[in-house]
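>>> I would like the atomic coordinates for the input below:
(2 chains)
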Protein chains: 2
Amino acid sequence: MALKVTARAHPNLAFVKYWGNADDALNIPANSSISVNLDGATTTTSVVFLADLERDQLTVDGRVATPAAYGRVVRHLDRVRRLAGVTRRAIVESGNDFPASAGIASSASAFAALSLAASRAAGLDLDERQLSVLARKGSGSACRSIPGGFVEWAAGSDDETSYACQIAPPEHWDLRITTVIIDEGPKDVSSSEGHRAAGTSPFYRARLDALPQTLATVRQALLDKDLGTFGLAVEREAVSMHAVTMTSWLADRPWLSGVYYWQPGTLALILAVQEWRRQGLEVYFTIDAGQNVHLLCEGERQAKLEAALDRALVDVGGRTLVSAPGRGAWVMAEQETS
Amino acid sequence: MALKVTARAHPNLAFVKYWGNADDALNIPANSSISVNLDGATTTTSVVFLADLERDQLTVDGRVATPAAYGRVVRHLDRVRRLAGVTRRAIVESGNDFPASAGIASSASAFAALSLAASRAAGLDLDERQLSVLARKGSGSACRSIPGGFVEWAAGSDDETSYACQIAPPEHWDLRITTVIIDEGPKDVSSSEGHRAAGTSPFYRARLDALPQTLATVRQALLDKDLGTFGLAVEREAVSMHAVTMTSWLADRPWLSGVYYWQPGTLALILAVQEWRRQGLEVYFTIDAGQNVHLLCEGERQAKLEAALDRALVDVGGRTLVSAPGRGAWVMAEQETS
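Below you'll find the model as predicted:
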């Protein structure tokens, strides 16, 4: 008999970004970050450890995983096996209800759900902090998808002190996140490569120096539900991260003078948002390491935003995904199998 | 009898940008800059001082000037009158053969041509340094359109020490500059406003700190005609300036989280240039405080670049203007009138 555990987690969207590591191997970040879980997108992952398997098996969205994804998941299962003292191999089935590699960090929800499902299936009963530490080692920002609602990941100084905690529950603030999917193709430079290049930017140090103030402003405005202060600080913080990427260099791609995650449609929406605000519609943007734009407004403005977006989308050509603040990772089912 | 002097000057394109002032009133910049004159665009300006005029008269492209342009030109004529000890009012006729306010700094060629024409018409015979100092007070980067070819504007520390000198004559390097005019409309935030906002960026100080190294790299690569080193340094420098603008704030436009000179077509060309390089076409870009993109290549690559651009322009929709390195400001005609 073996326990098959199915867990779910939402991706999260950072208001203060994680960009650059203090420790690449352990994913200990150079700075603390603040995020919200996105209830409009979910990864569902089931794990069962079986005695008679020769090697781990992984399917993603019903297909055998790529070697890169497989290796990353096996290394994460190894962490769980070490913690639980088990040696059995696992069958892992994972599925996303949103497009991968397009600016919504599917690795965050994937490693949050995997950490919860695999640890439970291996017989562990980790608390939220332990789960967040574990998820971080799989994919840095995955630690933020473990707690619910609005979350802060304290950078910490070592493996034990770098994890995420809730700042406010999902129901604290009726913030809506409209993700405009500019282009569903994969990006040219992965987030991991971008993190490693960050230190080559002449602005990296200045960004880190400004972050304690940015974190304090965003945290307090979030607690106060002060959208004006919150939104401008969040936009400036996102553009600050992209200013670092655009002035970063990758030694193995000498034809690139910088790392660009923006596409023309990304910039079209950045400019549209500022024009909408000039016209009185209170909406703000943020952008992760990808081309998609996440629009932020309060629930009562959502209909107006969607009308403005419908007109703008004639030019941008994207699709949208609307989220409210989402819960933390949770167990959906546990089932004895033989 | 009075002397009517007609002078011409080219606009210039900065490889290392002027962004931010040490002294706003005197246009003493926060950093030195390097540029080339663009022989594909010219301002022609004639000036005559007449005894019986009640006030200065100014036409631009055959039309009576706007009050803002008029005021700026009168203040410049006042500087010339003080130097020459004359009190007569002037008739000024100025014309550009390229669109104004669209990323090609027409104020540079305009104030260079005006400085030369007005000083000669007032009976002065200023040397290159004196003309460059005078032009700078009209519009900072105008000082770079006085000498010919490749030019460096030493920031200096006061009115006498802040002027431009030739680094190399026009024939030193067969560099071609293809200006892609993304959109001919005026920009939302003027260069003067952008300069004043620069200090609000968290990256302004870091950019200034990096500039001595950037200036040394660009100057030496230019003298060596080393396009690979030159081009990457010039791109990174331009993006560094725009990273400062995008993270700058204007107190009187609270709906803007930053100052954006780029349009979606600007970014489309930035990405296209990097893709062309990956495919082996050695071309680089730079962007002034506007949406236009200036493409840099050597003369022997120009045909290939234009072919690549013809395909890309299906998407971008712009027009182009091709320049080689141009001469400094010159007198075209002197004529006694009565």
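
>>> Local confidence estimate at the one residue in the stretch 51-200 of chain A that gets nearest to chain B?
Among all residues of the stretch 51-200 of chain A, A:D188 sits closest to chain B, at 9.3 Å; criterion: Cβ to the nearest Cβ. C-betas here are computed from N, CA, C, even on glycine. According to the model's per-residue confidence, A:D188 sits at a pLDDT of 78.

>>> Could you grab the helix/strand/coil label for the nearest residue to it once chain neighbours are set aside?
Leaving out its chain neighbours, the residue that sits closest to A:D188 by Cβ to Cβ, 6 or more residues apart in numbering or on different chains is A:Y260, at 7.9 Å. Here A:Y260 takes the coil state, with states given by DSSP: H, G, I helix; E, B strand; the rest coil.

>>> just A:L281 next, same as before
Here A:L281 is recorded as coil under three-state DSSP.

>>> Next, the contact list for it, please.
Listed by Cβ atoms under 8 Å, 6 or more residues apart in numbering or on different chains, the contact set of A:L281 reads A:297, A:301, A:304-305, A:308.

>>> could you redo the last one with a cut-off of 7 Å?
Contacts here follow Cβ atoms under 7 Å, 6 or more residues apart in numbering or on different chains; on that basis A:L281 touches A:301, A:304-305, A:308.

>>> Tell me the residues of the stretch 201-338 of chain A that contact chain B?
Residues of the stretch 201-338 of chain A found near chain B (Cβ under 7 Å from any Cβ of the partner chain) are A:202-203, A:205-207, A:210, A:232, A:235-236, A:239-240, A:243, A:246-247, A:255-258, A:260, A:262, A:264-265, A:267-268, A:270-271, A:274, A:277-278.

>>> I'd like to know which of the residues you listed are buried.
For those, burial is judged from neighbour counts taken by 16 or more other Cβ atoms under 10 Å in any protein chain shown, and it is met by A:202-203, A:206-207, A:210, A:232, A:235-236, A:239-240, A:243, A:246-247, A:255-258, A:260, A:262, A:264-265, A:267-268, A:270-271, A:274, A:277.

>>> from these, which ones fall inside strands?
Residues from these lying in strands, with DSSP state E as the criterion: none.

>>> Show me the shaky parts of chain A.
Low-confidence segments of chain A, defined by pLDDT under 70, are located at A:99-105, A:184-187, A:314-317.

>>> how about 50 then?
Screening chain A residue by residue with the criterion pLDDT under 50, one finds the ranges A:101-102.

>>> Okay, helices next: where are they in it?
Listed in chain order, the helices found in chain A under DSSP state H are A:67-84, A:106-121, A:128-138, A:191-197, A:204-224, A:227-246, A:264-278, A:302-316.

>>> Please identify the most buried of these.
Highest mean neighbour count among the helices of chain A (mean count of other Cβ atoms under 10 Å in any protein chain shown): helix A:106-121, with a mean of 29.

>>> What lies in contact with it?
Residues beyond helix A:106-121 that count as contacts (Cβ under 7 Å, 6+ apart) turn out to be A:3-12, A:42-49, A:73, A:76-77, A:80, A:90, A:92, A:94, A:96, A:100, A:126, A:131, A:134-135, A:138-139, A:141-142, A:144-146, A:329, A:331.

>>> circling back: make sure the residue nearest to A:D188 is actually in contact with B:L269.
No. With contact taken as Cβ atoms under 7 Å, A:Y260 and B:L269 are classed as non-touching, separated by 11.8 Å.

>>> A:E282: neighbour count?
Counted with other Cβ atoms under 10 Å in any protein chain shown, residues neighbouring A:E282 total 17.

>>> what about A:K304, distance to chain B?
A:K304 sits at a distance of 16 Å from chain B (criterion: Cβ to the nearest Cβ, to the nearest Å).

>>> Give me the spatial nearest neighbour of that residue, chain neighbours excluded.
Here the nearest residue to A:K304 in space, its sequence neighbours aside, is A:L281; by Cβ to Cβ, 6+ apart that works out to 5.8 Å.

>>> Tell me how far the one you found lies from A:A303.
11 Å (Cβ to Cβ, to the nearest Å).

>>> and if you look at A:E160?
46 Å.

>>> now do A:T200
Remark: distance between A:T200 and A:A303 (Cβ to Cβ) = 44 Å.

>>> Same question for A:D183.
Relative to A:A303, A:D183 is positioned 26 Å away (Cβ to Cβ).

>>> what does A:L227 give?
As judged by Cβ to Cβ, A:L227 and A:A303 stand 16 Å apart.

>>> ok, now A:Q220?
Noted for A:Q220: a distance of 29 Å to A:A303, by Cβ to Cβ.

>>> partners of the residue lying closest to A:D61 once chain neighbours are set aside in the sheet?
With Cβ to Cβ, 6+ apart as the measure, A:G95 is the residue that lies nearest to A:D61, at 5.2 Å, once sequence neighbours are left out. Here A:G95 sits in beta bridges with A:T44, as judged by DSSP bridges.

>>> Tally up the residues packed near A:G95, please.
Using other Cβ under 10 Å, A:G95 has 15 other residues around it.

>>> repeat for A:P254
Here the neighbour count serves as a burial measure; for A:P254 (other Cβ under 10 Å) it reads 12.

>>> Who are the contact partners of it?
Neighbours of A:P254 in contact, by Cβ under 7 Å, 6+ apart: none.

>>> next one: phi and psi at it?
A:P254 adopts backbone torsions of phi -70, psi -10, taken as degrees, to the nearest 10.

>>> Give me the distance between it and B:P170.
Relative to B:P170, and taking Cβ to Cβ, A:P254 is found at 30 Å.

>>> what's the answer for A:R144, then?
57 Å.

>>> Looking at the two, which is more packed in?
Here A:R144 and B:P170 are set side by side on neighbour count (other Cβ under 10 Å), and the busier one is A:R144, at 31 against 20.

>>> wait, isn't that one in contact with A:S35?
Yes. Assessed by Cβ under 7 Å, A:R144 is found in contact with A:S35 at 4.6 Å.

>>> one step back: please convert the helices of chain A to CSV, extending it with distance to A:D174.
Shown next, in CSV, are the helices of chain A (distance: least, Cβ to Cβ, whole Å):
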stretch, distance to A:D174
helix A:67-84, 35
helix A:106-121, 22
helix A:128-138, 24
helix A:191-197, 29
helix A:204-224, 13
helix A:227-246, 11
helix A:264-278, 19
helix A:302-316, 9
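
>>> So which of those is nearest B:Q291?
For B:Q291, the closest of the helices of chain A is helix A:264-278, at 10.4 Å, according to Cβ to Cβ.
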